[in-house]
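[1] Using only what follows, build the 3D model:
(one chain, ligands or ions: 2)
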Amino acid sequence: MTGRSPAPAGLPAPEPALEVESLDAWYGGARILTGVTFHVAAGEVVALLGRNGAGKTTTLRTVFGLGPRRRGRLRFFGRDLTACPPHRIAHRGLGYVPEDRRLFADLTVAENLEMGRLPPRPDRPPWTPARLFALFPNLGARATGLAGRLSGGEQQMLALARALMGNPLVLMLDEPSEGLAPRLVQTVAQILRELRSQGVGVLLAEQSLSLAEAVADRAYIIEKGEIRHHAPMATLSADPAARRTWLAV
Ligand SMILES: Nc1ncnc2c1ncn2[C@@H]1O[C@H](COP(=O)(O)OP(=O)(O)O)[C@@H](O)[C@H]1O
Ligand SMILES: [Mg+2]
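    Ligands and ions are numbered 1, 2, ... in the order given. Modelled structure (predicted):
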């Protein structure tokens, strides 16, 4: 399915926060994305699901302005972002936790958090290191240690915590559950639910279903750089044929 995706029956259509319309992207001469259209509303968790190589990372990078050559429309709370560089997009309130984390290995945990700090948003308590350390006690215990010495799971938590320091209005996460122990996946799920309750929109790119099933309201399925399916997460969970067709499970 391509083109604009309506809200599935039975779900309200809240205020769109991030709107991506007819996004095409190329690496060199190779077209990677074709007509990718989706939206994330404030206070909604939306999964972007697809197998390895489907185009999830390219979609997130392209939306954040890091990506390859692109064509299409990006709007953020109604404002056109199409020509915005990544730092301006971040200031507007779009957060991004990249797949490769991009931590500063030679800086401490606390210093990495400071690198993510952006001004607070109106009507919302700002994220602080103290609040984040309460959520991630392991990071608090290693606040003065180097990020490069953290375990893989702790580095993922630090990448998420650093993105939260930017007080995002919409947060995009690229495979945050990859390689995490189930207990940490539950921690991430709890944080995403808290963000949703604060009205933050979340776009969750995942190839595994477990985190998406725990938190997502809706899901888009991407395959070969095109959105093929769009459904409430609960509907997709109960649809083994769709999961077999488009996902690894
Ligand atoms: N830097 C790049 N140069 C050329 N092709 C790329 C590059 N990055 C990704 N691709 C290709 O784009 C497609 C989508 O990749 P990606 O967005 O990383 O998928 P996913 O995140 O869903 O696993 C794949 O066919 C991949 O080989
Ligand atoms: Mg990827």
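[2] Could you double-check that Gly55 sits in contact with Val36?
    Yes: contact criterion Cβ atoms under 8 Å: Gly55 and Val36 qualify, at 7.5 Å. All C-beta spots, glycine's among them, are computed from the backbone N, C-alpha and C.
[3] Mind checking which of these two has more residues around it?
    Neighbour tally, Gly55 and Val36, criterion other Cβ atoms under 10 Å: the higher count belongs to Val36, 26 against 23.
[4] can you give me phi and psi for that one?
    Torsion angles at Val36 (phi, psi; degrees, to the nearest 10) stand at phi -70, psi 120.
[5] per-residue pLDDT, it?
    The score at Val36 is 98. That number is its pLDDT.
[6] Correct me if wrong: it contacts Glu223.
    No: at 11.3 Å, Val36 and Glu223 do not qualify as touching, with contact defined as Cβ under 8 Å.
[7] Between those two, which contacts overlap?
    Gly55 (Cβ atoms under 8 Å, 6 or more residues apart in numbering).
[8] hey, where'd the helices end up in this structure?
    56-63, 86-92, 109-115, 129-135, 137-141, 152-164, 182-197, 210-215, 233-237, 240-246 (DSSP state H).
[9] and of those helices, who's closest to Glu175?
    helix 56-63 (7.6 Å; Cβ to Cβ).
[10] Next, the contact list for the residue of the chain positioned farthest from its centre, please.
    For the chain, the C-alpha lying farthest from the average C-alpha position belongs to Thr144; by Cα atoms, centre = their mean, that distance is 27.5 Å. Neighbouring residues of Thr144 by Cβ under 8 Å, 6+ apart: Thr108, Val109, Ala110.
[11] Ramachandran angles for it?
    phi -100, psi 0.
[12] ok, now how distant is the residue nearest the centre of the chain from ligand 2?
    For the chain, Met172 is the residue whose C-alpha lies nearest the centre (Cα atoms, centre = their mean; 2.0 Å). Using Cβ to the ion, to the nearest Å, Met172 is found at 12 Å from ligand 2.
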